[in-house]
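Asks: model this:
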Amino acid sequence: MRCIELGQVRRVLDETPSGDPQYSLATGRWPLAAIPSPTPHAPRPTPHVPRSTPHANCRRGVTLVEMLVTLAILLLMMTAIVKIFQAATGSLSSAQAYQELDNQLRQLDATIRSDLNGVTARLTPPLNPNSNLGYFEYGENEFADVQGEDSDDYIRFTAKAPAGQPFTGRMYLPPLNGLTIANMTALQQQIYLSTQPITITSEYAEIIYFLRNGNLYRRVLLVSPERQSVIWQNNSFAQAAFGGVNINAPVVSWQGMNDISAHPAPRGNPAPPLPLLPSPIVLNTLGNLTNRENRSFYQRFADDFQNLAGGQPPDGLSDDVNGDNVPDYYPTLYPGVLPAAVGGTGPPLNAAGQLIYEPLAASRPALAQVAAFPFVFPGAYSRPQTLGTPPNTSNYGWIHSPEPDVLYNGGPLQFDAQPLGYLGYLQNLNHNPIDVGDNLPLPLSSYPGGLQTWWGFPTWRETLSFNWVDPTLQVNSNPGQPFGLSYQPANVGLGNTSQFLPDMTGTYRNTPQPYNDGPYTNGFFPIGTAQYTLWNLSWEDDLIMTGVRSFDIKAYDNTLAAYADLGWGDDPRVTGNNAIPYLQGNLDAQTKNYNLPAYGLVNNVKVDLINQTFAHEGRMPPLQNDNRLDASYPNPLYTNWTTGNFTPQYSADTTYSSNVGDDNPAIVRLRRVWDSWSTDYSHAPAAGVVPGSGFPWGPPYSPPIYPSYPPPYPAPLRGIQIQIRVADPTNQRIKTLTIRQDFTDKL
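Replies: Next up is the predicted model:
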């Protein structure tokens with residue numbers, strides 16, 4: 001753009017006919033009328049127009065301020081566009097995450113429903129093992145926390161697979177033709193090891209669902225007794241089983257290589273089996289699993305510790321040292337019921353208050369190996385309460401333990417030491433580990449940091465450890481119960497040196513791990529060894545869902561006409577009653593006394609709280625105040641457990657009331673667990689003969705030799721509700737999956 005200079009303007013003005021009156025200086029033009037008309041011979045004169053004026057032709061540039069304003073507006077527009085794209089992308093990512101979570105929940109829903117539809121057990125206890133129906137078990141443990149979440153419930157049962165969809169698992173086959181790894185050629189070893197373990201299928205399986213640290217596990221152990229003759233009877237695999245061929249090979253347990261439900265033989269030589277001798281590993285049938293001692297991860301039982309014909313024990317027969325035609329050991333034994341071995345020849349010999357009426361024998365020891373009834377995994381309960389106000393020590397082992405971190409009147413909360421009706425303990429129950437940042441009280445443990453109070457059950461990865469010797473170790477061997485299943489008295493708590501699970505290091509845990517054992521850098525298996533590599537390469541094939549905040553199970557109680565936790569009579573959120581009449585025994589809500597039966601008003605109807613509801617604790621073995629009577633021979637004239645308040649049932653023993661309760665504080669009691677139970681427990685051996693004389697002994701002449709324990713909950717299980725709350729990967733939403741299963745066709 002060019003602008004006319006000042007000198008040029010003056011020259012233009014000088015050249016205009018300023019003297020002409022018709023010429024306008026303002027416009028620089030002549031009026032059209034003043035222009036002469038052209039003649040044919042002369043062109044019309046053209047008015048002179050200046051080339052430029054200062055007003056029309058002088059144009060300026062963009063200033064710096066204008067440029068900055070334009071740039072700012074552009075940046076704002078770009079920011080808005082980026083935000084829009086980010087929001088759209090984030091929404092798409094969230095939608096994808098939610099969709100993936102929905103897909104996982106649908107798959108989980110289908111899996112659980114399929115398993116529950118295949119339940120094999122009849123859900124009216126007890127079951128006869130000879131009926132081959134398997135079992136069903138539901139454990140409640142603590143109530144849901146104050147946020148309505150529950151993470152220490154579990155459910156386990158035997159199930160039949162849908163048609164055409166059998167259960168699958170691993171199995172390790174022994175070498176053929178009598179070969180061992182040690183006498184194979186290098187090529188034979190390579191071929192054999194590359195083909196093991198194999199995949200097998202079964203129509204039936206033992207299934208366990210449990211939640212630990214936000215991970216929901218589904219352990220599946222095949223029920224495949226027909227494979228008994230082809231399993232490899234080894235304690236562990238790799239270098240131990242292979243004759244030390246590769247000293248750097250990782251060592252794993254039998255359970256880690258065989259997804260098969262099994263238990264150790266209760267009788268026979270615990271050494272490696274010889275021809276004509278029983279196998280130490282017995283694959284479970286459905287009938288075996290009706291009894292708790294044969295189920296996975298429970299304490300084991302044996303009744304063969306001596307050779308009655310002389311020589312080295314055992315002899316493959318149940319022991320009967322005194323010859324009264326009754327086995328010396330029975331699955332319902334536990335600490336306190338077996339009299340001390342002081343000798344004796346005839347009944348009654350219950351002066352010490354034991355429940356066993358069998359004549360004593362000096363050569364029959366009271367063995368800790370059999371003291372396991374009612375058979376629970378040591379880590380299946382939250383840390384038990386070990387506090388008590390003497391003489392109220394019967395609450396040892398409570399799972400209704402207040403959180404010791406929470407104080408009441410300057411001291412730790414104790415149910416038996418606080419005012420009746422104080423509900424602070426219900427809001428501070430000792431629960432399994434909770435997420436960081438949760439507003440609930442952290443459970444305090446004797447372990448450093450209080451990381452773990454509840455394990456549930458071992459995972460497959462944990463049972464890879466070659467120290468996991470179940471089911472290859474028989475109880476009648478030394479040291480007795482398999483490692484990881486050792487009995488732990490309730491009044492000792494979890495502060496002792498016993499650990500729940502053998503770790504991957506070759507030694508017992510001395511410190512807890514918040515999840516599973518990690519790589520071990522000191523001691524037996526440092527970094528770079530085969531065991532370290534095994535742990536890092538092992539996956540969790542029984543892990544079915546992550547990010548699970550709650551796995552809550554409730555049972556349908558016909559008296560409530562609703563789903564409720566086992567032991568709901570203790571929960572004022574259900575009963576609306578702050579008196580809490582059921583924790584310290586089955587108190588009769590009508591008479592305010594421990595009578596039998598214990599009646600209560602539920603929905604304005606008077607019901608038997610023990611036999612018709614799930615309101616009580618279901619303790620087994622029960623306390624004396626629970627007023628649970630011998631299941632086979634109850635005293636029809638029993639009123640309550642107060643001296644003189646029952647009519648003697650047998651003239652041979654006027655102190656026998658048929659109350660099978662025992663207040664021994666060292667007992668780990670089964671509580672808040674619905675179990676299909678077994679007639680082996682509810683119909684224990686009751687009659688025999690008096691040693692030496694051969695006279696009959698037992699009902700109707702004298703008390704039964706062994707007590708028979710009723711089911712923890714005699715009421716049938718008509719249905720359950722499973723509610724699973726899962727956090728999405730972005731931790732923005734909680735999705736809830738609710739499954740309700742009707743069992744009325746299985747009663």
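Asks: show me where the protein has its helices.
Replies: Using DSSP state H, the helices of the chain run over residues 6-15, 54-57, 64-117, 186-194, 254-257, 286-289, 530-537, 572-575, 679-682.
Asks: any chance of those in JSON lines, plus mean neighbour count, distance to residue 123 and mean pLDDT?
Replies: C-beta here means a position set from N, CA and C on the backbone, and glycine is covered the same way. Shown next, in JSON lines, are these (neighbours: other CB atoms under 10 Å; distance: least, CB to CB, whole Å; pLDDT from 0 to 100):
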{"stretch": "helix 6-15", "mean neighbour count": "11", "distance to residue 123": "112", "mean pLDDT": "48"}
{"stretch": "helix 54-57", "mean neighbour count": "9", "distance to residue 123": "102", "mean pLDDT": "54"}
{"stretch": "helix 64-117", "mean neighbour count": "12", "distance to residue 123": "11", "mean pLDDT": "87"}
{"stretch": "helix 186-194", "mean neighbour count": "12", "distance to residue 123": "45", "mean pLDDT": "77"}
{"stretch": "helix 254-257", "mean neighbour count": "24", "distance to residue 123": "29", "mean pLDDT": "88"}
{"stretch": "helix 286-289", "mean neighbour count": "23", "distance to residue 123": "15", "mean pLDDT": "98"}
{"stretch": "helix 530-537", "mean neighbour count": "17", "distance to residue 123": "40", "mean pLDDT": "70"}
{"stretch": "helix 572-575", "mean neighbour count": "16", "distance to residue 123": "22", "mean pLDDT": "78"}
{"stretch": "helix 679-682", "mean neighbour count": "22", "distance to residue 123": "15", "mean pLDDT": "98"}
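Asks: which among those helices is found nearest to residue 740?
Replies: Nearest of the helices of the chain to residue 740, taken as CB to CB: helix 64-117 at 9.8 Å.
Asks: save the helices of the chain as TSV, and put in distance to residue 704 too.
Replies: Converted to TSV, the helices of the chain look like this (distance: least, CB to CB, whole Å):
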stretch	distance to residue 704
helix 6-15	134
helix 54-57	126
helix 64-117	37
helix 186-194	54
helix 254-257	37
helix 286-289	24
helix 530-537	51
helix 572-575	36
helix 679-682	12
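Asks: quick one: closest of those helices to residue 215.
Replies: helix 64-117 (12.8 Å).
Asks: returning to what we had before: what's the closest of the helices of the chain to residue 214?
Replies: helix 64-117 (14.1 Å).
Asks: so where's the stretch 251-400 of the chain shaky on pLDDT?
Replies: 271-278, 339-353, 362, 382-400 (pLDDT under 70).
Asks: can you say which of the helices of the chain is nearest to residue 131?
Replies: Between the helices of the chain, helix 286-289 lies closest to residue 131; by CB to CB that is 7.1 Å.
Asks: quick one: contacts of the closest one?
Replies: By CB atoms under 8 Å, 6 or more residues apart in numbering, the residues outside helix 286-289 that reach it are 120, 129-135, 158, 204, 206, 223, 261, 263, 282, 294-295.
Asks: restricted to buried residues, select the residues you listed in ChimeraX.
Replies: Of the contacts of helix 286-289, the buried ones go into a single ChimeraX selection, burial set by 16 or more other CB atoms under 10 Å:
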select :120,129,133,134,135,158,204,206,223,261,263,282,294,295
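Asks: in strands, which of the contacts of helix 286-289 appear?
Replies: Counting by DSSP state E, the part of the contacts of helix 286-289 found in strands is 158, 204, 206, 223, 263, 282.
Asks: measure the fifth one to residue 284 for me?
Replies: Okay, so that is residue 263. Separation of residue 263 from residue 284 (CB to CB, to the nearest Å): 6 Å.
Asks: residues in contact with the closest residue to residue 366 other than its chain neighbours?
Replies: Nearest residue to residue 366 in three dimensions, chain neighbours excluded: residue 338, at 4.7 Å (CB to CB, 6 or more residues apart in numbering). Taking CB under 8 Å, 6+ apart as the criterion, residue 338 is in contact with 354, 356, 366, 370, 371.
Asks: of the residues you listed - the most surrounded one?
Replies: residue 370 (28 neighbours; other CB atoms under 10 Å).
Asks: pretty sure it contacts residue 329?
Replies: Yes: the criterion here is CB atoms under 8 Å, and residue 370 meets it with residue 329 at 4.9 Å.
Asks: dump the residue contacts of residue 676.
Replies: Residue 676 sits in contact with 121, 122, 123, 125, 126, 127, 133, 135, 136, 137, 290, 711, where contact means CB under 8 Å, 6+ apart.
Asks: and the residue lying closest to the fifth one once chain neighbours are set aside, how many residues sit next to it?
Replies: Beyond its immediate neighbours in the sequence, the residue positioned closest to residue 126 (CB to CB, 6+ apart) is residue 677, lying 3.8 Å away. Counted with other CB under 10 Å, residues neighbouring residue 677 total 27.
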